[in-house]
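Undergrad: Build me a model:
(one chain, ligands or ions: 2)
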Amino acid sequence: MHDPEKGLLIVISGPSGVGKGTICRELFNKYDDIIYSVSTTTRKPRPGEVEGKHYFFTTEEEFQKLIAQDAFLEWAQVYGNYYGTPRQYVEEILQAGKDCILEIDIQGALQVKQKMPEGIFIFVVPPSLQELIRRITCRGTEDPSEIEKRMSQVSEEMSHLQDYDYIVVNDEVPSAVEQVRAIIVAERCRSSRMCKLINMEV
Ligand SMILES: Nc1ncnc2c1ncn2[C@@H]1O[C@H](COP(=O)(O)OP(=O)(O)OP(=O)(O)O)[C@@H](O)[C@H]1O
Ligand SMILES: Nc1nc2c(ncn2[C@@H]2O[C@H](COP(=O)(O)O)[C@@H](O)[C@H]2O)c(=O)[nH]1
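TA: Numbering: from 1, shown residues only. Ligands and ions are numbered 1, 2, ... in the order given. Model prediction:
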């Protein structure tokens, strides 16, 4: 069970281009009570991506050193690059009673679920495969072969739906954002209610 003194750990996954980043960005613009975990990656920065805001960009050699130092809560090779969640940062946020969102792939989410089963696991799906391909193509950040690589993983990724607590269809961004927000608010309530009930003298 979730310790109500600690913050909630929220994990968001879904196929590439479904809109995870867009949903998280909107959540932070609108609500200032959730903290975003900035991952470390060996991927090259896209135009406009800022070191320490979107990712901590690093080399494969440095990433391997961080793995050896046990610096990651989870890490995985995704679409040919390494990505990892900084352990200490996330632990400090949760310890301080603040909620933390990890936007990570399914391999990473499964690792987190093993270590922290009390986390809230949300899977974002597109309204259709055509719309997913349209979104990643229109984003214009990957070349056709990279898009092909990412889209070839969609069916395997979708086969992990049952490992998640919630599914959010990202049809319209505002609605998807409010659905994620509602899940977080409901989970906060559940955690504090459960605690009160368990501690209630009967
Ligand atoms: N509901 C939506 N309707 C239309 N376009 C959307 C919607 N949500 C996101 N998009 C657009 O789709 C593209 C992909 O979104 P985004 O980068 O947030 O995806 P992502 O899931 O974070 O991808 P990745 O895993 O590759 O980082 C962006 O151009 C974004 O503006
Ligand atoms: N296991 C992890 N996956 C992560 C992490 N940070 C991001 N990701 C996922 O990687 C893919 C690709 O991201 P992109 O920025 O290159 O488009 C996407 O599914 C992200 O959710 C992480 O720390 N660990």
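
Undergrad: so Val112 makes contact with Gly119?
TA: Yes. Counting by Cβ atoms under 8 Å, Gly119 is a contact partner of Val112 at 5.9 Å. Using the backbone N, CA and C atoms, a C-beta is placed for each residue, glycine as well.

Undergrad: And the helix or strand harbouring Glu157, what does it pack against?
TA: Element membership of Glu157, judged by DSSP states H and E, is helix 154-158. Where contact means 3 or more Cβ pairs under 8 Å, 6 or more residues apart in numbering; DSSP states H and E, helix 154-158 is not packed against any helix or strand.

Undergrad: related to what we said a few turns ago, which neighbours do Val112 and Gly119 share?
TA: Residues touching both Val112 and Gly119 (Cβ atoms under 8 Å, 6 or more residues apart in numbering) are 9, 11.

Undergrad: Tell me who's in contact with the most centrally placed residue in the chain.
TA: With distances taken as Cα atoms, centre = their mean, Glu103 lies nearest the centre of the chain, 1.8 Å away. For Glu103, the contacting residues are 12-13, 20-21, 24, 36-37, 39, by Cβ under 8 Å, 6+ apart.

Undergrad: go on, Lys113?
TA: Contacts of Lys113 by Cβ under 8 Å, 6+ apart are 11, 119, 121, 163.

Undergrad: Pretty sure the last one sits against Gln107.
TA: No. Assessed by Cβ under 8 Å, Asp163 is found out of contact with Gln107, at 10.9 Å.
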